[in-house]
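**Q** next come a sequence and a model predicted from it.
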Amino acid sequence: MNQGEKLEFKCPKETHYGYAKFVCLNEFCTNSRIFCFECIKNGDHNTHIKYQYEIDNLFEFFDNQKKKTEELIQKLQLINVAITNQFSQLEQRLKIKCCFPTAELQKFDTQKLNQGLNQMIKYKDITKNILDDINESSNALLDQINKYTNEFTLDETDKQNQAQLKIQQVNELFLQGQKLYGIKKYEEAIEYFDEALQINPNDCQSLYLASECLTMIKNYKDAIIKADKLLQIDQNNPQYLCIKAEILRCQQRYEEAILYADKALSINSKHLFSINNKADCLKMLKKYEDAIFWADEALQIEQKNLFPLNVKSQSLKMIGQYNNAIIWANKVLFIDEDNINSLITKVECLIKIGIYNDAFIYLNTALKLYPENSTLRQLKIQLLTIQNQNNQANQSLQKIVKISPFFNQSKIKNERF
Ligand SMILES: [Zn+2]
Ligand SMILES: [Zn+2]
């Protein structure tokens, strides 16, 4: 019901047939707070007439109460913040005045050491009492907050509302984090996920994306904690098994990563993310034929997925199938012409099969896009060296031809290459 609409309730007394048109806000009233004209005639609220209002004012009462409560919550929050701030100040001063790192002590001269000792003795008594004093006040404060909290006893409906509110809060925080994840602001996203997890430590969607974000910022230790928590909740979820495999792969723990990918695949044999993970791990373990097999499996599910296309072309290069590797690198470049991995593979293969001019063209394109890439720079040095050697070889060949015009040129070329 919206504000401004007419409120129509029946009088709760069964024998009264009129609408309840009034409310009573007297603190001690034991009659029905909503009542009709007949109730007035019966004198139900006679002893406290000044607390009676027309029912149309009801919204205003609720609204006022809501505003007052929100103000109260805000003031309580300020107290909370003030306490936290004061605590952190105390913590900082304790660190500055009473914690001398041993490494630093060694650098002290006599005067500084003397000062340090004086401070230590001066603050010894104070530090001794801090815990007891603050504990005592904190207990009193906690008792008081607890007492007030318990005044608001929750019935079943309230509990359901509270649970609903929690779900809503968690979802809102998750969505904020997800937005930031989408624009690669991983650290900020993690803050939202952590906040959601403070309300519900088992919120799987927050755990999952937090783990992803932590992997992206290379905080593998915390990423694994989140992934393990997910697996505690559901050890047979391919997605959770796969995020763990992914973190292990990033940590170069390829054999362990394959174990988790295999478990995910035993539950869902078409789990693309797991197949990709496995294919890359096999490549890193130099099991190139197996890597190609699993890359093919992935490509059967999604033929334009860049990840297995890259794994396949790189693995083909490693087993010396340079022409094939170029074909698969081209497939990647057809979809994403700036793909660094494929550009590198293509240049490397072109060098291997001696097509230096093309290698130069692709290398220069790649260097324009990624001027800082060290692999590309090394390839450039390699190509320049080859070119130099070829020029020198050509020059000496020409010298030989000049001296002996009947010398068989093709024979020398064949021997060189
Ligand atoms: Zn009535
Ligand atoms: Zn009353």
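**A** Yes, it's here. Numbers count the residues shown, from 1 in each chain. Ligands and ions are numbered 1, 2, ... in the order given.
**Q** name the SS class of the nearest residue in space to I335 that is not next to it in sequence, please.
**A** The shortest distance from I335 to any non-neighbouring residue, by C-beta to C-beta, 6 or more residues apart in numbering, is to K304 (5.8 Å). For the C-beta atoms, the positions are set from N, CA and C on the backbone; glycine is no exception. Three-state call for K304 (DSSP: H, G, I helix; E, B strand; the rest coil): coil.
**Q** get me the contact residues on the stretch 1-150 of the chain for ligand 1.
**A** For the stretch 1-150 of the chain, the residues in contact with ligand 1 (C-beta under 5 Å from the ion) are 11, 13, 16, 35-36, 38-39.
**Q** for Y53, helix, strand, or coil?
**A** strand.
**Q** surely it and L25 touch.
**A** Yes: the criterion here is C-beta atoms under 8 Å, and Y53 meets it with L25 at 6.7 Å.
**Q** name the residues contacting each of the two.
**A** Each of F61 lies in contact with both Y53 and L25 under the rule C-beta atoms under 8 Å, 6 or more residues apart in numbering.
**Q** the helices in the stretch 51-200 of the chain, which residues?
**A** Assigned by DSSP state H, counting those that start in this stretch, the stretch 51-200 of the chain shows helices spanning 58-98, 102-105, 110-151, 156-182, 186-199.
**Q** and those, which is most packed in?
**A** helix 186-199 (a mean of 19; mean count of other C-beta atoms under 10 Å).
**Q** could you export that one as PDB, CA atoms only?
**A** Output of helix 186-199 as PDB, limited to C-alpha atoms (Å, rounded to 0.1, in the frame of the first residue of the first chain):
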ATOM      1  CA  TYR A 186      40.600  -7.200  -8.800                       C
ATOM      2  CA  GLU A 187      41.800  -5.800  -5.500                       C
ATOM      3  CA  GLU A 188      38.700  -3.600  -5.100                       C
ATOM      4  CA  ALA A 189      36.500  -6.500  -6.100                       C
ATOM      5  CA  ILE A 190      38.000  -8.700  -3.400                       C
ATOM      6  CA  GLU A 191      37.000  -6.100  -0.700                       C
ATOM      7  CA  TYR A 192      33.400  -6.500  -1.700                       C
ATOM      8  CA  PHE A 193      33.600 -10.300  -1.800                       C
ATOM      9  CA  ASP A 194      35.300 -10.300   1.600                       C
ATOM     10  CA  GLU A 195      32.500  -8.100   3.000                       C
ATOM     11  CA  ALA A 196      29.900 -10.500   1.600                       C
ATOM     12  CA  LEU A 197      31.800 -13.400   3.200                       C
ATOM     13  CA  GLN A 198      31.800 -11.700   6.500                       C
ATOM     14  CA  ILE A 199      28.000 -11.800   6.500                       C
END
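**Q** buried ones in whichever helix or strand comes after it?
**A** For helix 186-199, the succeeding helix or strand toward the C-terminus, using DSSP states H and E, is helix 204-216. Buried residues in helix 204-216, counted by 16 or more other C-beta atoms under 10 Å: 206-216.
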